[in-house]
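Asker: could you look at this predicted model? Sequence included:
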Amino acid sequence: SITLAALNQKLGLVGNALSEYKCAYDYYEKAGNSGEACKILEKMRSVDPENVDILIKLAETHLATGKRDDAYKEYAAAANLLKVRGNNSSFEKVCARINSMFPEKENLKTDLLEEQIAKGTAGDIIPALKQMLEKDEGNLKLLTLYAEACKNSGDMEGRKYAWGRILHYYPSEVAAKEGLT
């Protein structure tokens, strides 16, 4: 199944590749081999990186094998995809799951915003960042995210403002000095 899946993947037959990988995943899961099941899910993610079901299953498998940081990243990626797609009810459910499984992760919202910026979908998050900065105007991470979001959306004035605020609160911040030049 794994060999067939890889061949189908090379040929661009996504559905066939996922079907074969699913057979291998089911086998490893039934055998109780979470490590191999996780490897198969990672291959499935490489075939279809925007499949929320795969991301969530991978997160759950990582969680079962004790890889909490990896699980958090996969849940956050799934939440971001749902947010971008406008599926707010599922987004809220995934966020609730993340909050219940990772109560120590207090920066979920900024982590999600950071991932959106990394994926190049930053334009629509600028208002959310502005709102967060109103409550915490000296937050270095928020200011840096705001500068990056402005850069990605072509708002050079907003970017300049963010770097200026960073220099105001953090005068020794080298990235801000470079960002203003």
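Answerer: Here it is on my side, so go on.
Asker: so who does Glu173 touch?
Answerer: Glu173 makes contact with 140, 166-167, according to Cβ atoms under 8 Å, 6 or more residues apart in numbering. Quick note: C-beta positions are derived from backbone N, CA and C, even for glycine.
Asker: which residues of the chain score low on pLDDT?
Answerer: Applying pLDDT under 70 to the chain flags residues 106, 121-123, 176-181.
Asker: phi first, then psi, for the closest residue to Glu114 other than its chain neighbours.
Answerer: Sequence neighbours aside, Leu145 is the residue nearest to Glu114 in space, at 5.9 Å (criterion: Cβ to Cβ, 6 or more residues apart in numbering). The phi/psi pair for Leu145 (degrees, to the nearest 10) reads phi -60, psi -40.
Asker: ok so, going back, neighbour-wise, which one of the contacts of Glu173 leads?
Answerer: Tallying neighbours with other Cβ atoms under 10 Å puts Ile166 at the head of these, with 22 neighbours.
Asker: and the helices in the protein, which stretches?
Answerer: Ranges of helices in the chain, per DSSP state H, are 2-10, 14-30, 34-47, 52-64, 68-85, 88-101, 108-118, 126-135, 140-153, 156-169, 174-180.
Asker: centroid residue for the chain?
Answerer: The chain has Ala77 as the residue nearest its centroid, 3.1 Å off, counting by Cα atoms, centre = their mean.
Asker: next, count neighbours for the residue lying closest to it once chain neighbours are set aside.
Answerer: Leaving aside its sequence neighbours, Ala77 sits nearest to Leu55 (Cβ to Cβ, 6+ apart; 5.3 Å). Other residues near Leu55 come to 26 when the count uses other Cβ under 10 Å.
Asker: show me what contacts Leu55?
Answerer: Counting by Cβ under 8 Å, 6+ apart, Leu55 touches 45, 74-75, 77-78, 81.
Asker: sorry, back to before: got a markdown table for the contacts of Glu173, with distance to Gln116 too?
Answerer: Below are the contacts of Glu173 laid out as a markdown table (distance: Cβ to Cβ, whole Å):
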| residue | distance to Gln116 |
| --- | --- |
| Leu140 | 19 |
| Ile166 | 20 |
| Leu167 | 25 |
